[in-house]
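*Asks:* starting from these lines, generate the structure:
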Amino acid sequence: MQSPLFQPLKAGSLTLPNRIIMAPLTRGRATVDGVPTPMMTEYYAQRAGAGLLITEATPVSQRGYGWVQAPGIFNAVQVKGWQPVTAGVHQAGGRIFMQLWHMGRVTHPDFLGGQLPVAPSAIAAKGESRTPTGNKPYVTPHALTIDEIKTTIADYKAAAQRAKDAGFDGVEIHGANGYLLDQFLRDGSNKRTDAYGGTAENRVRLLAQVTEAVISVCGAGRVGVRLSPRNAFNDMNDSDPMKTFGRAAEKLDSYGLAYLHTLEALPGHMMYAEGARVTPVIRKAFKGALITNGGYTKELGEKALAAGEADAIAYGVPFLANPDLVERFKTGAPLNPPDYATFYTHDAKGYTDYPALKSKAA
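*Replies:* Below you'll find the predicted structure:
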């Protein structure tokens, strides 16, 4: 019997040839101005065997930028830099979505021309930003006004249009991992008393409005959303993740999205959090394609699909170290070990030089 990982999947407007998704992975191989490089074209094209590639997180505005040499999607030069990337993936037979990102409170004035980062509330995250001049503590952010929230929504919409212009098949809205939209979702970072704070319904509002704006550009069938219900990364917490993320999933279900993507790590993964899993609650609330991610092996992925826990599995580090991961899963070939020291360096080592099975045989 064929492994469920290799069965096609209808996800919105796309039919994916398999259910092995490349998770978004920040790598820092763009220029210092956030322009994609030829090295990135090679990297993504090498991995085009995935059912779907999701790019590294890509800031929608200068105000949302805060990672050294991350690629952006907020100007025409960046759009031009992305075009060879999407063309390379399509030429290799793949499909690619861009992950739209705003870092919110966890960027730093060093990235922002001295301006404060923005957030739902003026609460600093514990931890440090990796700035161009070294690690510095996160600062207390500026709480967004209603007018600034409207501008932020417009930034997502403009970024979605630029992603379309760059040749992407669709976009994934990054609502996870302690970045801006997640900061609004969770009550540990959102202490607002207006229409964007307080109840779960209110805290979901910005994510919903961003999703609607992006859908108006791309169409619902080419939009996905990523959530991380229990991930404590970037000093995040919520008093009732079942309620918060159950409500978010219900709201997102109403749009007819391509998919919903959860990061909820399995035991043994560095982002594992003790307690009841929220993904089953999301699964009940969201009727479309559900992707899940967080420490899955081939076998654990097959088990999750067979049990109906998700419709596809996203692999991060395994894809980073194995450009031909789909082929290796198919043939049972051993996996390359990841070189952790090169995850966030800026050259080809540990990026485009992982051997594929064919090159090993040669």
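
*Asks:* quick one: the helices in the stretch 101-250 of the chain?
*Replies:* Remark: helices assigned in the stretch 101-250 of the chain by DSSP state H, counting those that start in this stretch are 146-165, 180-185, 200-203, 205-218, 241-253.

*Asks:* so which of the ones you listed is the most packed in?
*Replies:* helix 180-185 (a mean of 28; mean count of other CB atoms under 10 Å). For glycine as for every other residue, the C-beta is placed from the backbone atoms N, C-alpha and C.

*Asks:* for that one, give me every contacting residue.
*Replies:* Contacts with helix 180-185, where a contact means CB atoms under 8 Å, 6 or more residues apart in numbering, come from 64, 102-105, 118-120, 152, 173-176, 189-190, 196, 203-207, 210, 227-228, 234, 236, 238, 244-245, 248.

*Asks:* model confidence over that helix, on average?
*Replies:* For helix 180-185, mean pLDDT rounds to 98.

*Asks:* need the CA coordinates for it. PDB is fine.
*Replies:* Taking C-alpha atoms only, helix 180-185 is exported to PDB below (Å, rounded to 0.1, in the frame of the first residue of the first chain):
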ATOM      1  CA  LEU A 180       3.100  40.500  15.300                       C
ATOM      2  CA  LEU A 181      -0.100  38.600  14.500                       C
ATOM      3  CA  ASP A 182       0.700  36.100  17.200                       C
ATOM      4  CA  GLN A 183       1.300  38.900  19.600                       C
ATOM      5  CA  PHE A 184      -2.200  40.200  18.900                       C
ATOM      6  CA  LEU A 185      -3.700  36.600  19.300                       C
END
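
*Asks:* not counting its neighbours along the chain, what's nearest Val225?
*Replies:* Ile173 (4.7 Å; CB to CB, 6 or more residues apart in numbering).

*Asks:* do I have it right that the one you found meets Glu212?
*Replies:* No - with contact defined as CB atoms under 8 Å, Ile173 does not count as touching Glu212 (10.7 Å).

*Asks:* what sits against the residue nearest to Ala143 when sequence neighbours are not counted?
*Replies:* Among residues not flanking Ala143 along the chain, Ala122 sits closest, at 4.8 Å (CB to CB, 6+ apart). By CB under 8 Å, 6+ apart, the contact list for Ala122 reads 140-143.

*Asks:* narrow the contacts of helix 180-185 to those in strands?
*Replies:* Among the contacts of helix 180-185, DSSP state E puts 118-119, 173-175, 227 in strands.

*Asks:* now render the residues you listed as CSV, adding distance to His90.
*Replies:* Below are the ones in strands among the contacts of helix 180-185 laid out as CSV (distance: CB to CB, whole Å):
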residue, distance to His90
Val118, 35
Ala119, 37
Ile173, 22
His174, 23
Gly175, 27
Leu227, 28
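
*Asks:* how about the strands in the stretch 201-350 of the chain?
*Replies:* All strands of the stretch 201-350 of the chain, identified by DSSP state E, counting those that start in this stretch, fall at 223-227, 259-263, 290-293, 312-315.

*Asks:* Glu302 is nearest to which of those?
*Replies:* Of all the strands of the stretch 201-350 of the chain, strand 312-315 sits nearest to Glu302, with 8.5 Å by CB to CB.
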